[in-house]
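Colleague: with the sequence up front, the predicted model follows.
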Amino acid sequence: MTSTSDEAAKIIEHLDAGKIFDLKGVVAVVTGGGSGIGMMISSTLVANGATVFIIGPIQADLDKVAASYNEAAEKTKRLGRLYGIEGDVRKKSEAKRLAEEIGKRTPYITALFNNAGILEGSFKKPTEAKASAFVEAYFDDVSEESFDNTLRTNAFGPYWLTFAFLPLLEKWKEHNYKAEGGTREFAPQVVMTSSMNGWTKDPATAGFSYPYLFSKSAIGHATSSLAHELLPLGIRVNGIAPGLFVSNMSTPGNIDANLGISHHSEYDFSFQIPARPLPASLGGPKNAGGSNRDMGSLALFLISNWYVNGETVLIDGGTLLLHPSSY
């Protein structure tokens, strides 16, 4: 007869963090996964045993960063591995090709992280309250190409990729249920990287770019809409809405190409972050913003939890508590 303590021991073992976040067998695709927030997600998944395909514009750059982390994983006897695949996430044809290419290397995927993003079309705030000054700042100095390229990358691309990868996500569901005797250890999922700027009313938090702000508003709404649409397939759609994380977007030109991580030496942003950054001794940035541990732990939560669907998690250090928003 099983004692109460034996039952409690089983519960404790089941709830152990090492088991909850053991991603052995998990296969993820991360667009923009070779740098910035994408690398924070990718490296965390690899550290916990997942196979991760990172998509980016230049194969040589992806190969370089993948080699660094795979060598480290080998040295530390971790099962996770990183593989780079060049692709243009803006295009419908590329979404199909990328799904087919990854489908040749793996029979299924567990999660698709639509993370790639760009910021273009920034304006300089008018210095006088005249219509002509506003026209010059918001109209004359912002190109049509900035809107087109930003929306295609940040909003349209995730739509194409989500549907292109559905068959591989469905195959994961079939495999996982059979392999685990019908359990739901990991449910297939699409994760959208939105931004706090999908809800902000202050363009200072969005790099003074309305193309970027509009694109993130679009993908924020698309997350819940697509989650509703995919309910019959049992494939979840959730989102991550970051505030400031140091990346080549937020601090251009300070990237370590071998590791896919960026640095900045000065806090010089036009918005406030009430949360104190993680200490450098624990992997935090030098002066401001979220760390790879902050972003990585959120990615682990979304992968391991199957009860959250259609939600976007704000991870902004409290920025939108100070700046006007609709979140």
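Modeller: Now that the structure is in, tell me what you want to look at.

Colleague: how about stretch 128-138, which residues are buried there?
Modeller: 137-138 (16 or more other CB atoms under 10 Å). In this view, the C-beta of every residue, glycine as well, is placed from N, C-alpha and C.

Colleague: run the chain-centre distance for it.
Modeller: Here stretch 128-138 is found 35 Å from its chain centre; the criterion is CA atoms, centre = their mean, to the nearest Å.

Colleague: quote the end-to-end distance of that stretch.
Modeller: Taking CA to CA, to the nearest Å, stretch 128-138 runs 13 Å from one end to the other.

Colleague: ok, residues contacting that stretch?
Modeller: Residues from elsewhere that reach stretch 128-138, judged by CB atoms under 8 Å, 6 or more residues apart in numbering: 123-127, 210.

Colleague: can you check stretch 54-70 too?
Modeller: Contacts of stretch 54-70 (CB under 8 Å, 6+ apart): 29-35, 38-39, 42-43, 46, 81-89, 98, 116, 257-260.

Colleague: could you list the low-pLDDT ranges of the protein?
Modeller: 1-2, 177-184, 247-256, 262-268, 276-288 (pLDDT under 70).

Colleague: for the residue nearest to residue 314 when sequence neighbours are not counted, helix, strand, or coil?
Modeller: Ranked by CB to CB, 6 or more residues apart in numbering and with sequence neighbours excluded, the top spatial neighbour of residue 314 is residue 241, at 4.7 Å. Under the three-state scheme (DSSP: H, G, I helix; E, B strand; the rest coil), residue 241 adopts strand.

Colleague: if I look at residue 241, how far off is residue 200?
Modeller: Applying CB to CB, to the nearest Å, the value for residue 241 to residue 200 is 10 Å.

Colleague: please apply the same query to residue 228.
Modeller: Applying CB to CB to residue 228 and residue 200 gives a distance of 24 Å.

Colleague: between the two, tell me which one has more neighbours.
Modeller: Remark: of residue 228 and residue 200, residue 200 carries more neighbours, 25 against 10, as counted by other CB atoms under 10 Å.

Colleague: any idea how far the closest residue to that one other than its chain neighbours is from residue 217?
Modeller: Once flanking residues are discounted, residue 200 sits nearest to residue 325: 4.9 Å by CB to CB, 6+ apart. Applying CB to CB, the value for residue 325 to residue 217 is 11 Å.

Colleague: and residue 163, that's in a helix?
Modeller: Yes - under three-state DSSP, residue 163 sits within a helix.

Colleague: contacting residues around the nearest residue to residue 309 once chain neighbours are set aside?
Modeller: Leaving aside its chain neighbours, residue 309 sits nearest to residue 236 (4.4 Å; criterion: CB to CB, 6+ apart). Applying CB under 8 Å, 6+ apart to residue 236 gives the contacts 187-190, 227, 230, 306, 308-310.
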